[in-house]
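heads up, no residue letters with this:
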């Protein structure tokens, strides 16, 4: 749990760990660039040339409202091109939510920072022979530019080729139910909550900034995937639509976080809800782990 003023942030862990080769995730990476940093990276985040990540939802409670930030992979979703995600069942996701004292009906907002398949899966669940919104009282928030980007891709490529088909089973049913709101950077969700542009990984990715009682936090989605990007903020993933813009976005909020002690709340850091950073040469390091 992370406390930001009167706000509370908890994690729902959908996949506690998955592995990727360093250079498969970060095409510009080299192992030599991490020498001297392995003392804090290994074995929690890195082993040899393999990086460890998680897929998780952040649950924000502030002002009597419940906000989920990104909804992971989900269950029963056909993801043939990604076997670890394909037609999963009997996960503990909703049980974890219940463990926080919350029901699906208690969720007020679901923010999708972007529309990749591992960030929208629990938007819907299979019930009565169709995909229905998992959180029936929630307003689902998606960046206007982000939604337009994937709608254009869907028209050009076909539904089954766009994000493993996740637009069809995890976005469109929410639209059809009348629960999706298009939002823009700068929009205020609640007092102390504001959307921020975090483009680069996808064209319209948005983050959520919290300001409460003099404490700041920023939910960054996939603007940063792994702690090695603290050491080498110039490393963008091979999944980024605009790697250079992603670098610029990441460097900007890392500079801001180091200057103002702002908490960063990433989607894929294993066993971690938030991190504060300090400058270390041309990069950054965690203040504590």
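That came through fine. From a predicted model like this one, the values you see are computed outputs, not experimental measurements.

check residue 158 and give its pLDDT.
Per-residue confidence (pLDDT) for residue 158: 62.

which helices and strands does the longest strand along the chain pack with?
For the chain, the longest strand by residue count, based on DSSP state E, is strand 7-21. Strand 7-21 is packed against strand 2-4, strand 50-62, helix 93-99, strand 215-221, with contacts defined by 3 or more CB pairs under 8 Å, 6 or more residues apart in numbering; DSSP states H and E. (Glycine included, C-beta is placed from N, CA and C.)

okay, and the helix or strand of this protein with the least pLDDT?
Across the helices and strands of the chain, mean pLDDT, DSSP states H and E gives its lowest value to helix 144-157, namely a mean of 88.

next SSE downstream of that one?
helix 166 (DSSP states H and E).

hang on, the earlier thing: deepest in the core, which of the helices and strands packed on strand 7-21 is it.
strand 215-221 (a mean of 24; mean count of other CB atoms under 10 Å).

gap between that strand and the chain center?
11 Å (CA atoms, centre = their mean, to the nearest Å).

got the angle for it vs strand 7-21?
Here the directions of strand 215-221 and strand 7-21 differ by 40 degrees (axes from the mean of the first three to the mean of the last three CA atoms, to 10 degrees).

still on that earlier bit, which one of the helices and strands packed on strand 7-21 lies closest to residue 43?
Residue 43 lies closest to strand 50-62 among those, at 8.5 Å (CB to CB).

what is the subsequent helix or strand relative to that closest one?
With DSSP H and E, the next secondary element past strand 50-62 is strand 65-69.

returning to what we had before: residues contacting the longest strand of the chain, please?
The contact list for strand 7-21 (CB atoms under 8 Å, 6 or more residues apart in numbering) reads 1-3, 49-62, 68, 72-74, 84, 91, 93, 96-97, 100, 121-122, 192, 210, 212, 215, 217, 265, 270, 273-274.

what does stretch 38-50 give?
Contacts for stretch 38-50 (CB under 8 Å, 6+ apart): 19-23, 31, 34, 51-52, 226-228, 231, 269-271, 285-286, 289.

do stretch 129-148 as well
Applying CB under 8 Å, 6+ apart, the contact partners of stretch 129-148 are 68, 71, 94, 104-112, 114-115, 122-126, 169-171, 173-174, 177, 179-185, 189, 195, 199, 202-206.
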